[in-house]
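# Based on what follows, work out the 3D shape:
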Amino acid sequence: MEEWGTDWSGDVLERIVALLFSLAHLADLAADLSAPRRRHVLGILSVGEAEAWAFVFGTPVPADAPDKADDAARLAARLRALAVVLTVLLMQRFVLPNAAGPRNDRAKRAGPSAGRQASLAAPDTS
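Predicted structure coming up:
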């Protein structure tokens, strides 16, 4: 099995993070629905959470069937936690390696080349 980010671009992963935050917001909104509608909405969102969990961690998690307002808040918190974990993984993969690389490369090239004398131009005093 391939690692989760081997062929994914940062843009796709950012959209998945945004989707997870949107699903968490929907779970928050579902807490105020009537019991039958809340059960239906949370059932759909819990399947999405299980798929997201399998995507991020590579292990399938069975979807539960939440039906109470407290379950909606817990589902929203778990979806936000998944979004944060994916954001951290995204930063490690795409942001942090690039932040140190160019700086180190510039530091190595600064100054005179090995084996050559540095020549300073005389200041213009006219």
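# For stretch 36-51, what does the pLDDT average out to?
Stretch 36-51 shows a mean pLDDT of 90.
# Can you show me the helices along this protein?
For the chain, helices defined by DSSP state H occupy the ranges 10-30, 35-57, 69-90, 96-109.
# hmm, who's touching the third one?
In this structure, residues lying in contact with helix 69-90 by C-beta atoms under 8 Å, 6 or more residues apart in numbering are 4-5, 10, 13-14, 16-17, 20-21, 23-25, 27-28, 30-32, 38, 42, 45-46, 48-49, 52-53, 56, 66. Just so you know, the C-beta spots here come from the backbone N, C-alpha and C atoms, and that holds for glycine as well.
# Got the confidence number for residue 5?
49.
# same check, this time on the one 5 residues further on
Residue 10 carries a pLDDT score of 71 in this model.
# I figured it was touching residue 94, is that so?
Yes - judged on C-beta atoms under 8 Å, residue 10 makes contact with residue 94 at a distance of 4.4 Å.
# So the two - more neighbours on which side?
Neighbours of residue 10 and residue 94, each counted by other C-beta atoms under 10 Å, are more numerous for residue 94; the result is 16 against 13.
# Could you verify my assumption that that one touches residue 11?
No - when contacts are counted by C-beta under 8 Å, residue 94 is not listed as touching residue 11 (9.8 Å).
# Mind putting the helices of the chain into JSON lines with distance to residue 124?
Below are those laid out as JSON lines (distance: least, C-beta to C-beta, whole Å):
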{"stretch": "helix 10-30", "distance to residue 124": "48"}
{"stretch": "helix 35-57", "distance to residue 124": "62"}
{"stretch": "helix 69-90", "distance to residue 124": "51"}
{"stretch": "helix 96-109", "distance to residue 124": "28"}
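# Which of these has the lowest mean pLDDT?
Lowest mean pLDDT within the helices of the chain: helix 96-109, a mean of 50.
# Look up the closest residue to residue 41, ignoring the ones flanking it.
Sequence neighbours aside, residue 30 is the residue nearest to residue 41 in space, at 4.3 Å (criterion: C-beta to C-beta, 6 or more residues apart in numbering).
# Having no further points to raise, I will conclude here.
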